[in-house]
Structure formats: C-alpha cells, structure tokens
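Engineer: Any chance you could fold what I've pasted below:
(chains A and B)
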Amino acid sequence: MMQQSYVSQIHRCFRCGYCKFPTDYSSFNCPPYRRFRFETYSTGGRLWLVYACLKGEIEWSEHLAQILYTCTTCRNCAEQCPMKFAPDIIEWIVGARSDMVEKGRIPPRVARFFEAVQGYSNPFKLLRSDRAAAWANGTKPYSPGDEFLLYIGCLGSYDENGQKMAKSLVQVLTESGVSFGILGNDEECCGNEVYMLGEMGLFQSLAEKNIRKFKELGVKKIVTLCPHGYNAMKNNYPRLDGGFEIYHYTELLAELVKSKRLKLRHNSIKVTYQDPCFLGRYNNVYDEPRQVLQSIPGLELREMERHKKDAFCCGGGSGNFVMDLLAGDENSPARVRVREAYATGAEALAVACPACMTMLTDAVKAENLETKLAVKDISQLLKESLS
Amino acid sequence: MVTTNAIYESLTKIVGKDYVSASKEERYFYARDGGLMPPHEPDFVVLPRTTEEVQQIVRLANRERIPIVPAGAGLALTGLVIPQRGGIVVDMKRMDSILEVNERARYVIVEGGTTQGALKSYLQKHYPHLRHSIPDAPPSATVVANAVIHGQGRLAHQHGFNSDMVSGLEVVLPTGEVCRIGSCSVSPYWFSKGPPLPDLSGLFLGWFGTTGIITKLGLKLYPCKKMRDVMVLLTDKVELVPDILLRLSHTEMVEDVVISAQPLPLRFRGTFWIMTYVTGDSDEELEFKRKMVWNAVWDYFQSRDVGFISTSPEGKAPLLSMPSKDTTRFADVAKGGGFQYAGPITPIEKFPAFIRKLEEVAAKYNVFYGSTTRLIGSGHCMMFSFSFSFNRANPDEMARAKKALDECSKFALEEGAVLWKPDRDEQKMMMERMDPNTLELMKKIKQLLDPNGIMNPGNWEMK
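Structural biologist: Prediction:
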C-alpha cells in the first residue's frame, strides 16, 4: 500500500527547497543537506532521484542508496514543505527505502544494522542475555498489577550513555513511588529504526513480538525511555492491534513534578534543551520536557535559536546513531548542533533521547567542549536535584 | 587532451573531495530545473567556498576550454543554469556568508550563494528597521541569482528591479581575474554599483552568468516600517485595471501592488484581485495611507466597478508573508508538481490584452492557468506572468504547457514586451528583433570578457 502511494505521488515535489529551512529561513535545517551541500542530499533532491529511478532515467547505485539513507527522517521537510502532500513525505522516503530493501540494494551499513536486529534484537550485535546486565541492577521486573511497563529500548540497554539515562530514570521513578517494572532480557527492539529504514517485514515481526508480550503480561500503560520507541508504539503498533497507553518518560515526569511527588532542591545551572525529532515533530511533545526542567529551582532554560518544531536534528535518526552516515567533519549535524547549544551560554545540554545523548556526547568531544558543556538527560538533571 | 579524471583531480585539489561530484546522481539533478526546458548533464558539480576557489575553477575551465555554469537554486525555471554543453556546474550556495551591513549607508554585502531566506532572517534579527526587496521565489533563491535575472520583489513598485538595488559587485572574470564593480572599486564602501563612475554592473547583470561569476554583491537596504497591511481591491472590468494601477501608483503611498487572476476556485473566475500593500510606523500613518488608497479609486467604488474585500487577519496572513508560499503552491494545484511562467516586462496598458491572450491560450492547449502581475517602478512597467501548471507525470500535458508558454512569449514580444529571464529559445527570439548595432555591441562585450566562450554557453549566444 505504502509503496503504491509513493510511486504514484512522488512526482509532485517541485524542488522548491522550503524543506531545507527552519521557519525563519535562518539556516539549513535538513541534516544531510547541511552536511553535504549538494542539492541531491536535500529532500527535493532525494525525491527527484527516486522518481528518476522509477522512470528508469537513472540506475540504482551505491551512491544513490547512500543519498537515500543519509536522511535521518527528522521530519523537518514535512514541517516546512508548503504543499498539501507535506505530511506524506516521510512515508514516501520510507516507501522508497522499502523497495530498496526488497531488492537487496541497500548500503552495507544498513544491511549490517538489519542483520544485527534480526539476530540479536538490537543493532549492536550484543547478547540478549546482556540486555539488562550492565544497568538494571535489581530493577524490578514488570509484573501484572504494576501501573507502568518501563520500556528501555536498545540504546538504553546497551549504550553506555543510554544506560546512565536508564539508571537515572529508574531512580527518579522509584523515588516518586511510581509503580513500574521492566522486561529486562525479555525486551525486544522496538523496531522504529527498522521501520524508518524500510525493513517492513522485520518491523512487523518485532512489533508483533512486543505486542504479544505486552498483552500476555496484561500491560496497559507503557512509558518509554526513548522517543523512537515511543513513536513506534504510539503511531505504528496500533495498526498491528497494539493499542496501549504510551508515554514518553518526560510526560510522566512532568505529571510527577506537577503533582509534587518529587522534592527538588536548588540547582543553579544554565541549561539548553535538544528537542528529539520523534518526540517533537512526530508527536508534538514540546512542553512537558521544558516543564520538567523548569521545575528545578535555580535552573535557567536558554533556548537555542532553532527549537521546538524548528529544532535541528542531532543526525542520529533512521539508525544513524549506529551507522553514522553523516559523520565526517565539523559539518556533521551533531557538531553543528553542539556549537549552537554552546552559543547559548548554557553549561548543560539537556536531552530526552538516548540517540541524541550519544550523538551529542560524541560531538562535544569532537568540538573540544568537554569541560564547558555537559550533555545530560532530563532525568539525570532531575536526579541531581532530588532533595 | 586532459582526461576527465585529471579534471576531477584538479577540482578536488581546489575545493576538497567532499565538494566535487562526477556521480550520475548529481549530474542528473543539476541537468534540469523545475521548468520545462530539456535537461543536459554537466560533467562535474563543484561547491566552492571562497572567491579564490572560484578563481581557480574558472582558470582551470578557461585553460582547458571547459564550459562552466554558475548556479544558485535553479528557480528561474527557464533552464538558465542547465549546462547546455556539459562542463562544470558551480553551485554557489556554500558561499553563504553575510559579510557586512552598513546600517547608515543602508547596504549589505553578501557572498555569491547567500539565500534570500537567510538574508531576510538576518536582517529581521539584527537590523529590524532595515529590509531588502524580497521576491516571491522560495527562500532558497539566492540574492545574486535574483539580481542577475533582474528579479522583482516586494519593493519593486517603489524602487524598481532587484538589480536596480545592487550597490556593488565582486566578479571573477572568465579569464580568472577578480574585479570589483562600483564604488567598492575605489572605496571601502559599497554604496553604488556605478554612479558617479561608468556603470560596469551592466556587463554582468542580466547576462545569466555568461560574462563572469559574481562572488560578492552589495545590495541596497530600505527602511522597514513597523506595520504592514494589505488592502484587497476587486474588479471584474479588465479594461479598468491599468487605470486603477496608475491611480494607486500616483498616491506614492503604496509599497507593492500585485494583481492576481485565476479561474479556480470559481469565486476567482472573471475577477482581478488587486493586492495593495501599505506600511507605516504608526496607526495614523497606516490609516492615512489606507485613506489615500480609498480616495484613489473612490469613484470606481461608487460606480460599483471596484470593490474592497474585507479580509480577516488570518486571511491576510498568507498575503503578507514574504516570500509568498502560495506562489510555490501553484505547482501542485493539479497535484502534478510543475509550473512555469513566461514573465514579460511590459507597459501596464497591455494588461487587458495579455489577460485575454492568457485565457485564449489556456483554453486552446487545455492547461490550467494563473497570473500574478507586479507593478514595477512608479507604474513604468509591470511583470505579467502567463503561468501554467502541469503534471510532471503527464508528458502530453507538459508538452501542451510548453506550447502555451511559447505562444504567450511570442505574443508578448509582438505586443512590445521584453521577455524576463528568457529561456534560450526566447533569447534567440529577442536577439532576432534586437537593433543590429546593439546585438553587435553585446557580441563584442562577450568576446572581450569571455574569449574562449566557456561561460554558460547556450545563453545569449550571438552568431
């Protein structure tokens, strides 16, 4: 169905270029275009090349695949495109990728990503038995009756920075008295990246396993560490009969601070905040993370020039937190973003996504800003402020 | 004979390997624009960052006799940056710095690839009391390319073509020299592109990159009033439109006048919507200007030949936005992703004849049409657009749209218009009509500046 949609519609792109900008046109907001600067790496370029491929005017090539897969599906283009088809652009790109997957014409790094998820249920090729080993440390497994299932995701389970996030969040939730549990080693990959990369069969398999498990355990409410999992479960699982109440952890924390279930002490710190694409542009969650930050006494929130729906992606979407097809030099999106964060005068760059966390932490090192700008997850900042 | 590989290697040494491509994908994309002219692939696409890099690329091209085409966003839609003989497309958009704003002399200096959007945003943020003449092209259009094609923007009624607002140039000549044009050639200030010196900017503006590559451009800035409003006048009497335009212009109170005509939705059919923009620093100033506009057409209003459309703030928002996204949306009215327009520059008295021709041609070729006309100067001329949308997936419709455009352009020339940003065929049509001595002068200039004919060949090509 999706394939047919993009095939019959993709010629409608006029290549006007609005897709490259934020609302005020101040800079380029398309991560791959900002990185590579050839028009082919903009959304318009990508759509015209896919259409050319459909018409047989160009052949598939590794370079074409590279161009298609450097899109982080950050959704800036869909936000800025003035045409009526704007909301469909991401599905067109995913549809084109899906065709490439079916024909086996994908970049090697993407193929390795799929192999890892297929074999290990995580993109790092790490053992399932180690999924909770490094961070969970006694965290209670979910059992029927718990109000929330805390879904950690692959980055939170295996990535060092993600694990720190997971630990902080567990501590904060425990402190607040929320009833929750985790799946531990029984957790599957959420499939969001697999979906965005166009492997629909694998996505369906992962989603169905998760949905089955959630149902078996009687789960009603799920809180996710990662906006990517949040997006998959909120928007794609219901199509597979997986309707649950889905929360991102910042939404839950916002409720907790609002109801004063957390006692916070003064923390004099200047913070800027990176809106994750899958929380902001995909799901319109902009206020809750800011409410949590601003609930910390003494915290000063300094917005970056591009924020909320104009936020510049860290470059980690569509599996690029592993594949990193946009890496290379000072024009990589994460490094651009870190410089923008530093320019606010903030001491800490707050994140609400483990992909942003790992991308921006690496970028801070690359920019030699380690002593000047700390990358911290919102739950970490909250934990540090607990009385 | 230098091999393609050797050229590629030379280009990578100049700009770095990340910014040169000879790949099929880049060659495909840069072979075409969003309009209807046939594509032709470049051999290389290169993205320089500095004037020195442009200079080295041009020297290489001149030495090896390789065609070279400087490109902005390719939004002229008439194939002006399609590399008709292959060679090197120089995408200028990495040269995107805003170098200087002289607040008191009211000009800005930008690099050759700075976008209209970036300049607008920069001025709004840092100099909110200053503005430039923003065209209705998408924000990715570059300031330089728009000046080179004699574009028009929101200040066209008050100050003329955007090229009239140029206040200086830095140009890499086809033989590689870097040359400054205007006051900046003898002074640190970029306040004039010519006067009181001989105005050499005419060697580059309007030439579509066939005489050099502009790497820096000074642009005049104008006061940005605190308030802005649009008054929408409506008439169904096409013959009255020129007089209405002259009356509005006579007030010397309006910022911009744009006339829209389109057959759909049906409420638009047979009517002409005259968007009249006024600005002010206070309510009193704005109200006074509104009153002057009313007074200018009051007798037409009383005779019911002209009406005013009451528009809510929400309804006005798209009309007030700069650039106008509605202009771009015309490409998708038929869900087809394409439109092109012929934009003859013509005396405003031609409006009724041009509208009749537009409707006739649209019916003849069965294509969807629209027209957006902009007053230029104090009524000295207008840009009348014969706009046709088409479905990019329907070759027959594309062919019909092209025939419709060609017929309109020919008609406009016969009516005494001069074609704006003409495609290569329209350029030939104009050169055939041109005073022979003028044509000879153009030829001498071209030969003098570009002895090897490397610059954007196929455009302004004189036999």
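Engineer: Report whether stretch B:79-91 contacts chain A.
Structural biologist: Yes - for stretch B:79-91 and chain A, the contact criterion (CB under 8 Å from any CB of the partner chain) is met by B:Asp91. C-betas here are computed from N, CA, C, even on glycine.
Engineer: any idea of the mean pLDDT for that stretch?
Structural biologist: Average pLDDT, stretch B:79-91: 98.
Engineer: now stretch B:36-52
Structural biologist: Stretch B:36-52 comes out at a mean pLDDT of 98.
Engineer: First-to-last residue distance for that stretch?
Structural biologist: 34 Å (CA to CA, to the nearest Å).
Engineer: and if you look at stretch B:455-463?
Structural biologist: 16 Å.
Engineer: Contacts for that stretch, please.
Structural biologist: B:67-70, B:80-81, B:83-85, B:174, B:207-213, B:424, B:427, B:431, B:439, B:442-443, B:446, B:449 (CB atoms under 8 Å, 6 or more residues apart in numbering or on different chains).
Engineer: again, only using 6 Å
Structural biologist: B:67, B:69, B:84-85, B:174, B:208-210, B:424, B:427, B:443 (CB atoms under 6 Å, 6 or more residues apart in numbering or on different chains).
Engineer: Next: stretch B:152-161.
Structural biologist: Outside stretch B:152-161, the residues touching it (CB under 6 Å, 6+ apart) are B:133-135, B:150, B:162, B:165, B:222, B:256-257, B:322, B:374-377, B:383.
Engineer: from these, which is closest to A:Leu240?
Structural biologist: If you rank the contacts of stretch B:152-161 by distance to A:Leu240 using CB to CB, B:Met322 comes first, at 45.2 Å.
Engineer: Could you verify my assumption that that closest one touches B:Ile134?
Structural biologist: Yes - here B:Met322 reaches B:Ile134: they are 4.4 Å apart, a contact under CB atoms under 6 Å.
Engineer: Tell me which of those two has more neighbours.
Structural biologist: Between B:Met322 and B:Ile134, B:Ile134 has the larger neighbour count (other CB atoms under 10 Å in any protein chain shown), namely 22 against 18.
Engineer: before we move on, the earlier item: helices - which of the contacts of stretch B:455-463 land there?
Structural biologist: B:424, B:427, B:443 (DSSP state H).
Engineer: Any chance of a PyMOL selection covering the buried ones in these?
Structural biologist: Command for PyMOL that selects the buried part of the ones in helices among the contacts of stretch B:455-463, burial taken from 16 or more other CB atoms under 10 Å in any protein chain shown:
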select buried, chain B and resi 424+427
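Engineer: what's the closest of the ones in helices among the contacts of stretch B:455-463 to chain A?
Structural biologist: B:Arg424 (20.7 Å; CB to the nearest CB).
Engineer: need the contact list for that closest one.
Structural biologist: B:Gly458.
Engineer: Distance-wise, check it relative to B:Gly35.
Structural biologist: According to CB to CB, to the nearest Å, B:Arg424 and B:Gly35 sit 12 Å apart.
Engineer: now swap in A:Lys383 and tell me
Structural biologist: Counting by CB to CB - A:Lys383 and B:Gly35 are separated by 58 Å.
Engineer: Mind checking which of the two has more residues around it?
Structural biologist: B:Gly35 (23 against 18).
Engineer: Quick check: chain neighbours aside, which residue is closest to A:Leu373?
Structural biologist: Spatially, and ignoring its direct neighbours in sequence, A:Leu373 is nearest to A:Tyr342 (5.2 Å; CB to CB, 6 or more residues apart in numbering or on different chains).
Engineer: what does B:Ala261 give?
Structural biologist: The nearest residue in space to B:Ala261 (CB to CB, 6+ apart) is B:Ser371, at 4.5 Å.
Engineer: before we move on, what SS does the one you found have?
Structural biologist: Here B:Ser371 is recorded as strand under DSSP: H, G, I helix; E, B strand; the rest coil.
Engineer: Contact partners for the residue nearest to B:Ile66 when sequence neighbours are not counted?
Structural biologist: Closest residue to B:Ile66 apart from its sequence neighbours, by CB to CB, 6+ apart: B:Gly87 at 4.7 Å. Shown in contact with B:Gly87 (CB under 6 Å, 6+ apart): B:43, B:66-68.
Engineer: switch the cut-off to 7 Å
Structural biologist: By CB atoms under 7 Å, 6 or more residues apart in numbering or on different chains, the contact list for B:Gly87 reads B:42-43, B:61, B:66-69.
Engineer: ok, is stretch A:34-44 in contact with chain B or not?
Structural biologist: Yes - interface with chain B: stretch A:34-44 contributes A:37-40 (CB under 7 Å from any CB of the partner chain).
Engineer: per the record, what domains does chain A have?
Structural biologist: A:2-106, A:121-254, A:262-384 (automatic domain parsing).
Engineer: Out of these, flag the one nearest B:Val101.
Structural biologist: Of the domains of chain A, nearest to B:Val101 by CB to CB is domain A:2-106, at 15.3 Å.
Engineer: Assign a three-state SS to the most centrally placed residue in chain A, would you?
Structural biologist: Nearest to the mean C-alpha position of chain A, by CA atoms, centre = their mean, lies A:His228 at 4.2 Å. At A:His228 the chain is in helix, as set by three-state DSSP.
Engineer: With adjacent residues omitted, what lies nearest to it?
Structural biologist: Using CB to CB, 6+ apart, the closest residue to A:His228 is A:Asn192 (4.1 Å).
Engineer: I'm done for today, thanks for sticking with me.
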